[in-house]
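Colleague: model this:
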Amino acid sequence: MATPAWPKGRDRYEVLTDLSGEMFTLATALHLDSDEVWHRMNATVLASPEYQDWFKLFKQYVEEGQREFHTVEQANGGWSGVGAIVVRSCFRALEWRIGETLDLLKTYGAMLVDVGVGSRPRLLTAGSGRLFNLIIEVEAADLTTWDRHRATLFQDAQFQVWFRRLSTCVSHGSHDFLKLVGPIV
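Modeller: Got it, this is the predicted structure:
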């Protein structure tokens, strides 16, 4: 049975699985130019007989799901390929500090690239779900390098200044570690 046809061209489709967080999580990301494209594509796909057949099989394996929409504030051109480790850090910004938080996350991505711990930073803002969520996703070389970096991070003066500024802009944050396991179209 074929999977439903997703759009071709500039759009990308990613499939990631958990390395941390809730076990047995499968996340998909479909990158589209606008929400109008999403609505048109979704209506077409949902009405197709191929999708109906595929979904009957799919729902036997999935307990629950959720859908989120994000605006890409800083694109990265995609991950390096299947097997890439993606560190997803989500911050809950104070509502009057969103712009400043976004600028700080751009700086954080640049710092991670400069010290060789991460690459390809991508910044997202919430388009649905909880308001004021800002996300930075970074491809990590490997989890050992990432962990070693975090162990010495607070000794770096530049990071200390950055972290103090960030702590005035957000109420909390979290990390998820994901692995790219599926196609990049």
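Colleague: Quick check: mean pLDDT of the longest helix seen in the chain?
Modeller: Counting by DSSP state H, the longest helix found in the chain is helix 98-114. In this model, helix 98-114 carries a mean pLDDT of 94.
Colleague: Mind jotting down where the helices sit in this structure?
Modeller: For the chain, the helices defined by DSSP H occupy 35-47, 49-58, 98-114, 143-152, 157-167.
Colleague: Turn those into TSV, columns for mean neighbour count and distance to Arg130.
Modeller: (C-beta placed from N, C-alpha, C; glycine too.) Converted to TSV, the helices of the chain look like this (neighbours: other Cβ atoms under 10 Å; distance: least, Cβ to Cβ, whole Å):
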stretch	mean neighbour count	distance to Arg130
helix 35-47	12	18
helix 49-58	13	26
helix 98-114	17	13
helix 143-152	13	25
helix 157-167	13	18
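Colleague: Please identify which of these is closest to Asn133.
Modeller: Ranking the helices of the chain by proximity to Asn133 (Cβ to Cβ) places helix 98-114 first, at 9.9 Å.
Colleague: Number of residues surrounding the spatially closest residue to Leu30 that is not a sequence neighbour?
Modeller: Of all residues not flanking Leu30 in the chain, Tyr13 sits nearest, at 5.2 Å (Cβ to Cβ, 6 or more residues apart in numbering). By other Cβ atoms under 10 Å, the residues close to Tyr13 number 16.
Colleague: Buried residues of the strand ranked longest in the chain, list them for me.
Modeller: The residue-count maximum for a strand in the chain (DSSP state E) belongs to strand 170-180. Buried positions in strand 170-180, judged by neighbour count with 16 or more other Cβ atoms under 10 Å: Val170, Gly173, Asp176, Phe177, Leu178, Leu180.
Colleague: Same check on stretch 111-126?
Modeller: Across stretch 111-126, burial judged by 16+ other Cβ under 10 Å covers Met111, Leu112, Val117, Gly118, Ser119, Arg120, Pro121, Arg122, Leu123, Leu124, Thr125, Ala126.
Colleague: now the end-to-end length of it.
Modeller: This stretch, stretch 111-126, spans 23 Å end to end (Cα to Cα, to the nearest Å).
Colleague: Tell me how far that stretch lies from the chain's centre.
Modeller: Relative to its parent chain, stretch 111-126 has a centroid offset of 11 Å by Cα atoms, centre = their mean, to the nearest Å.
Colleague: How about residues contacting it?
Modeller: 68, 70-80, 87, 98, 102, 105-106, 108-110, 132-141, 145-146, 149, 158-159, 162 (Cβ atoms under 8 Å, 6 or more residues apart in numbering).
Colleague: what residue ranges in this structure are flagged as low confidence?
Modeller: 1-11, 184-185 (pLDDT under 70).
Colleague: For the residue located most distally from the centre of the chain, give its distance to Phe55.
Modeller: For the chain, the residue at maximal distance from the C-alpha centroid (Cα atoms, centre = their mean) is Pro49, at 30.6 Å. Going from Pro49 to Phe55 by Cβ to Cβ, to the nearest Å gives 11 Å.
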